[in-house]
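1. structure here, sequence nowhere to be found:
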């Protein structure tokens, strides 16, 4: 799954809001904020991947192909 999908970026942004707020408030330095932002994107990717895995229905078993039917010749008795 591409880590730059819109849903991954959206969840990563939502997870980054507290980090950005702590940076704006002065509790985290700019270096700490920049260091933690990729982890927010990685957490968003993991959350979306887990959600997609859980919401995907199981695959149906494939039907086996029937062997070709042999036509019965008229001079042979049918079994």
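-> Great, that's in hand. The structure displayed is predicted, hence computed values, not measured ones.

2. quick test: name the residue nearest the centre of this structure.
-> residue 49 (3.4 Å; Cα atoms, centre = their mean).

3. tell me the buried residues in the top helix by length along the chain?
-> When the chain is parsed with DSSP state H, its longest helix is helix 30-55. Within helix 30-55, the residues that qualify as buried are 33, 36-37, 40-41, 44-45, 47-48, counting by 16 or more other Cβ atoms under 10 Å. Yep, even glycine has a C-beta here, placed from its N, CA and C like the rest.

4. before we move on, what about stretch 18-31?
-> Judged by neighbour count (16+ other Cβ under 10 Å), stretch 18-31 contains these buried residues: 19, 23, 28.

5. against residue 64, how distant is the first one?
-> Using Cβ to Cβ, to the nearest Å, one gets 53 Å for the distance from residue 19 to residue 64.

6. before we move on, back to that, closest one of the buried residues of stretch 18-31 to residue 9?
-> Within those, distances to residue 9 taken as Cβ to Cβ reach their minimum at residue 19, with 15.1 Å.

7. nearest residue to the closest one other than its sequence neighbours?
-> Distances taken as Cβ to Cβ, 6 or more residues apart in numbering place residue 36 nearest to residue 19, at 4.9 Å, with adjacent residues excluded.

8. give the contact list for that neighbour.
-> Applying Cβ atoms under 8 Å, 6 or more residues apart in numbering, we find residue 36 in contact with 16, 19, 28.

9. ok, residue 43 next?
-> Contacts of residue 43 (Cβ under 8 Å, 6+ apart): 11-12, 15.
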